[in-house]
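Asker: sequence-free structure coming up:
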Ligand SMILES: [Zn+2]
C-alpha cells in the first residue's frame, strides 16, 4: 500500500508580504535602516558558514547591486525548522550572522563577481561561497527554502532584463517583484516553468526509474519533462512518460511540488499507474529504464549498485512515497 503523507515543501519560511513590498520606498527604507538581514548572491553562490547562510547588514553592502525583498521570517520558520539567530561576528550593528528570528526582514542583494573577495573578507574565518546544489544537502530546511526563493528571483532578473515587447531595458519595481518598461510602461512579472515528475508504478507495484547518458551509468531517478503550452498537467504526465519510455499511463494523482529554479522550474510531482510491463527508453533523453520492487531497490541502493536522487529532491520524495519510508543509502543503518 502506498502511503499518503504530503511531500516536504508545504510550509513557507518567509512571509513574502506582497502588499508591504509594493509600497513606495519600502525596499530603500529597509536597506538604509540596518534592521534587515541580507542574503548575498554572487554568480548564484551565497555565503555559507557552519552549514548555514550568512546574512549581512545591508549598510555594509554596495548600494548599486540588485536588491529584492524576500520576506519576513514566519513563526513557522522557527517552530518547524528550529531556526535561532546566531551571531558569527560582532560587534553590534556591523555584524554578520546566521539563522533568523521570527519577524526578521530578509533581503536578497545580487553582487558582481568582483565583490566576492571583499565579501569574504568581512565574514568570519571558515566562510565560503557555495551554490545551491553544493550547499543544499547540509543546509537546514529554512535556509534551503530561502536559497531557493533567492535563486528563483535572481535568475528571473538575470534573464529578463529587456522588455519582450520593445526590447528596452526594464527597471525593477515593487521591491524586485516586477520589472517595468520605461518606453511603453508595460509591467513584467517573474516567470515559472511547470514541469511534471512522475513515479510510475506498474501492475505488480514495481516502480519504473530511468537514467540518461549524461549521468553515471548506475544513477536512476523518476522520469520528468516540461509542460507544453495548452496542455493540462495530466496530459503532460501521459505524453512525457509515453515519449520517454513508451509506457501508457493512467490515473495520475498529484502528490506535491518543489520549486527548482535552475533556471526557472516548478516540479509538480505525480504518481501514475500503468498496466504495461515493458519500458523502451527513447535513447535520447532516457537511455535506460528499469523496474524495481521495493526490496530490489533498497538492496541495490545499500550495496551501492544503484544511486538514486538526493534526499533534498522531489524525485527522492516521490520514490520514498512509493517505497513507504526512508530508503537507506550505502553505509546507513535504520534508526
Ligand atoms: Zn517595452
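Answerer: It's in. All values reported here derive from a predicted model rather than from experimental measurement. Residues are numbered from 1 along each chain as shown.
Asker: pick out the residue of the stretch 1-150 of the chain closest to the ion.
Answerer: Residue nearest to the ion within the stretch 1-150 of the chain (CB to the ion): residue 66, separated by 19.3 Å. Just so you know, the C-beta spots here come from the backbone N, C-alpha and C atoms, and that holds for glycine as well.
Asker: quick check: residues of the stretch 101-250 of the chain near the ion?
Answerer: The stretch 101-250 of the chain comes close to the ion at residues 163, 165, 166, 168, 181, 183, 184, as judged by CB under 5 Å from the ion.
Asker: apply 8 Å and report the result again.
Answerer: On the criterion CB under 8 Å from the ion, the ion has as its neighbours in the stretch 101-250 of the chain the residues 163-168, 170, 181-186.
Asker: buried ones only from those, please, as a ChimeraX command.
Answerer: Per 16 or more other CB atoms under 10 Å, the buried members of these correspond to this ChimeraX selection:
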select :163,170,181
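Asker: for the stretch 101-250 of the chain, give me the ranges with low pLDDT.
Answerer: For the stretch 101-250 of the chain, no stretch has pLDDT under 70.
Asker: would you list every one of the helices in it?
Answerer: Secondary structure of the stretch 101-250 of the chain by DSSP state H, counting those that start in this stretch: the helices cover 116-122, 132-135, 141-159, 233-245.
Asker: that older thread, now, the residues of the stretch 101-250 of the chain next to the ion that are in strands?
Answerer: Using DSSP state E, no member of these falls within strands.
Asker: okay if I get the residues of the stretch 101-250 of the chain next to the ion as TSV plus distance to residue 123?
Answerer: Formatted as TSV, those follow (distance: CB to CB, whole Å):
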residue	distance to residue 123
163	37
164	38
165	42
166	42
167	39
168	38
170	33
181	37
182	37
183	41
184	43
185	41
186	40
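Asker: which residues touch residue 209?
Answerer: 220, 221, 222, 223, 289, 290, 292, 297, 308, 319 (CB atoms under 8 Å, 6 or more residues apart in numbering).
Asker: show me the beta-bridge partners of the fourth one.
Answerer: Going back to what we said before, that points to residue 223. On DSSP bridges, the residues paired with residue 223 through beta bridges are residue 198.
Asker: please apply the same query to the fifth one.
Answerer: In this entry, residue 289 is beta-bridged to residue 210, by DSSP bridges.
Asker: that one and residue 282 touch, don't they?
Answerer: No: Residue 289 is beyond contact range of residue 282, at 9.5 Å (criterion: CB atoms under 8 Å).
Asker: now do the shared contacts for those two.
Answerer: By CB under 8 Å, 6+ apart, the residues touching both residue 289 and residue 282 are residue 245.
Asker: so for the two, which sits in the more crowded spot?
Answerer: residue 289 (21 against 15; other CB atoms under 10 Å).
Asker: distance check, residue 197 against residue 274.
Answerer: Relative to residue 274, residue 197 is positioned 16 Å away (CB to CB, to the nearest Å).
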